[in-house]
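Quick check, what structure comes out for this input:
(chains A, B, C and D)
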Number of protein chains: 2
Amino acid sequence: MDRKKEILEAATRSFSLFGYKATTMEQIAKIANVGKGTIYTFFENKEVLFQEIVRKMICEMKQEATDAIQEGASFQENAHAALMKMLEFRETHQLYAKIVDEEKDWRTPAVKQMLHETEQAIVTFIKEKIDKYVAKGELRQINSELVAYLLFKAYLAFINDWNVTHDESLPEVEIANFFQETIFRSLLV
Amino acid sequence: MDRKKEILEAATRSFSLFGYKATTMEQIAKIANVGKGTIYTFFENKEVLFQEIVRKMICEMKQEATDAIQEGASFQENAHAALMKMLEFRETHQLYAKIVDEEKDWRTPAVKQMLHETEQAIVTFIKEKIDKYVAKGELRQINSELVAYLLFKAYLAFINDWNVTHDESLPEVEIANFFQETIFRSLLV
DNA sequence: TAGATGACCGAAATGGTTTTCTGGTCATTT
DNA sequence: AAATGACCAGAAAACCATTTCGGTCATCTA
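Predicted coordinates:
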């Protein structure tokens, strides 16, 4: 049996269920049916193991976002679909959700770092799409990194923060229309 | 001597210097040269005293923002000036800065609430300016509340969060140009 | 003998207990 | 009538004994 794979699966399950802090190496070892020391022959330490797992999650997320994109669709349609998918992933996917909570509640440095890496991945993903649509001639030539950052922060604000100050969350259609009328509209050639 | 005023000044100084949590009623009384009980003849409790002080701060901030606005200037120029002034205030003004820190570090409910109220004040201020410029016919008819919220969150993101992930903060001119090319551009008639 | 293991270590976290602090009250004073 | 500060109960802090946990390494096993 592939011991490394067993360990990765066990660790993924435990991190997703309990978070980084509350997962112990001994627990992972037990779930993986492996001695604790064995983990250290495959992974330098707990943090590196965690990084590997989060990075795998980032790949899955990017895959889902890619699947949400349709070749023929407009930039606005695709950007909206991809961002919504990734922000949905952020709330739905056990591991991602746990990381977000843990960063808020405990500020574990390892978690903070991987959360940043995940968000950076989203921004970069969007940036690449922008560059593609600029090359296609559908979008004006703008600083794609800034626009990607703006889109991410803006979507996050309307989807995550809005109902902190307002008692009902905005319907997705309203968000889509609003962004069409503001940001997206200004990006078209 | 006006005892209420003395108390307010003492409390303002203490809240600004040490924050809400670390300020004690006894300390305020001592600074104000007043018995502790006297405070309670003017203010229902610590929270209410704090609210009054923060609300006064909000007024000052709105005044500064108003001063930054020029009657003849474009919406973009005025919105930028006002937002920058208020976000600068957020970092410069002792009390505001302390509140932001304390909300992050301790999550005192009273502080959280007043921080929300302050941010809401900024959004409302911007919303009113938008409405004015819409009435003037300089801006398209859009949902001013959503736009105000977007502008606030976007400016906050670029001025406060940007250098968390990037090692140098964006120059103000670059921010101004960027928002001109994205959000503001889309708001014009 | 190479890879796996778990007892072991020091540092950090936890939890329970005692002590101090502080918001708010109110009997007394001015 | 207004001001005061001793006082109270509950919250927070300080303290410390005990446990937990990441990581190591001498031993084991296949």
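
Now do the contacts for A:Val123.
When contacts are counted by Cβ atoms under 8 Å, 6 or more residues apart in numbering or on different chains, A:Val123 touches A:Glu145, A:Ala148, A:Tyr149, A:Phe152. For glycine as for every other residue, the C-beta is placed from the backbone atoms N, C-alpha and C.

Identify the residues contacting stretch A:61-69?
Outside stretch A:61-69, the residues that touch it by Cβ under 8 Å, 6+ apart are A:78, A:81-82, A:84-86, A:89, A:93, A:96, A:118, A:121-122, A:125, A:129.

what's the neighbour count on the closest residue to A:Gly137 other than its chain neighbours?
Nearest residue to A:Gly137 in three dimensions, chain neighbours excluded: A:Val189, at 6.5 Å (Cβ to Cβ, 6 or more residues apart in numbering or on different chains). Neighbours of A:Val189 under the rule other Cβ atoms under 10 Å in any protein chain shown: 10.

give me the number of residues near A:Gly149?
Heads up, residue A:149 is Tyr, not Gly. Neighbours of A:Tyr149 under the rule other Cβ under 10 Å: 26.

and chain A, which of its residues are near DNA strand C?
A:Arg3, A:Lys21, A:Ala29, A:Val34, A:Gly35, A:Lys36, A:Gly37, A:Thr38, A:Tyr40, A:Thr41 (Cβ under 7 Å from any atom of the strand).

SS state for A:Ala176?
Following DSSP: H, G, I helix; E, B strand; the rest coil, the label given to A:Ala176 is helix.

need the contact list for it.
Contact analysis of A:Ala176 by Cβ under 8 Å, 6+ apart lists A:His80.

Quick check: it vs DNA strand D, distance?
43 Å (Cβ to the nearest atom of the strand, to the nearest Å).

Equivalent analysis for A:His116, please.
Per Cβ to the nearest atom of the strand, A:His116 is found 20 Å from DNA strand D.

That residue: helix or strand, and which one exactly?
Assigned by DSSP states H and E, A:His116 belongs to helix A:109-136.

which residue packs closest to A:Asn78, ignoring adjacent ones?
A:Ile69 is the one closest to A:Asn78 (Cβ to Cβ, 6+ apart), at 4.7 Å.

what residue lies at the spatial centre of chain A?
Centroid check for chain A by Cα atoms, centre = their mean gives A:Thr118 as the closest residue, at 4.8 Å.

Just confirm it contacts A:Ile53, I think it does.
No. Contact between A:Thr118 and A:Ile53 fails when scored by Cβ atoms under 8 Å: they sit 11.7 Å apart.

quick revisit: now the contacts of A:Val123: which count as buried?
Using 16 or more other Cβ atoms under 10 Å in any protein chain shown as the burial test, the contacts of A:Val123 include A:Ala148, A:Tyr149, A:Phe152 as buried.

Up against DNA strand D, what does chain A have?
So chain A meets DNA strand D at A:Ala22, A:Thr23, A:Thr24, A:Met25, A:Glu26, A:Lys36, A:Gly37, A:Tyr40, A:Asn45, A:Lys46, A:Glu47 (Cβ under 7 Å from any atom of the strand).

residues touching A:Leu83, list them.
Residues near A:Leu83 by Cβ under 8 Å, 6+ apart: A:Ile122, A:Ile126, A:Leu151, A:Phe152, A:Tyr155.

pLDDT at the third one, what is it?
As predicted, A:Leu151 sits at a pLDDT of 98.

what's around it, how many residues?
The burial count for A:Leu151: 25, using other Cβ under 10 Å.

what's the nearest residue to it if we skip its chain neighbours?
Using Cβ to Cβ, 6+ apart, the nearest residue to A:Leu151 is A:Ile126, at 5.8 Å.

now do the fourth one
Across the structure, with Cβ to Cβ, 6+ apart as the measure, the residue nearest A:Phe152 apart from its sequence neighbours is A:Val123 (5.1 Å).

Show the model's pLDDT score for the most far-flung residue of chain A relative to its centre.
Relative to the centre of chain A, the most outlying C-alpha is that of A:Gly35, 32.0 Å out, by Cα atoms, centre = their mean. Looking at A:Gly35, its pLDDT reads 96.

again, but for A:Met1
Note on A:Met1: pLDDT of 61.

Same check on A:Glu138?
If you check A:Glu138, the pLDDT there is 96.

Isn't it up against A:Val189?
Yes. A:Glu138 is within contact range of A:Val189, at 6.7 Å (criterion: Cβ under 8 Å).

residues in contact with A:Leu156?
By Cβ under 8 Å, 6+ apart, A:Leu156 lies in contact with A:Leu87.

what's the burial count for the closest residue to DNA strand C within chain A?
Nearest to DNA strand C in chain A, going by Cβ to the nearest atom of the strand, is A:Gly37, at a distance of 1.8 Å. Neighbours of A:Gly37 under the rule other Cβ under 10 Å: 9.

ok, now which ones touch it?
A:Gly37 neighbours (Cβ under 8 Å, 6+ apart): none.

Also A:Ile159?
Going by Cβ under 8 Å, 6+ apart, A:Ile159 touches A:Met84, A:Leu87, A:Ser169, A:Leu170, A:Ile175.

I'd like the list of the contacts of A:Val123 that fall within helices, please.
Those of those mapping onto helices are A:Glu145, A:Ala148, A:Tyr149, A:Phe152, per DSSP state H.

re earlier: I'd like to know which of the contacts of stretch A:61-69 are buried.
Using 16+ other Cβ under 10 Å, the buried ones in the contacts of stretch A:61-69 are A:78, A:81-82, A:84-86, A:89, A:93, A:96, A:118, A:121-122, A:125, A:129.

would you list the residues you listed in TSV and tack on pLDDT?
Output for the buried ones among the contacts of stretch A:61-69, formatted as TSV (pLDDT from 0 to 100):
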residue	pLDDT
A:Asn78	98
A:Ala81	98
A:Ala82	98
A:Met84	98
A:Lys85	98
A:Met86	98
A:Phe89	98
A:His93	98
A:Tyr96	98
A:Thr118	98
A:Ala121	98
A:Ile122	98
A:Phe125	98
A:Lys129	98
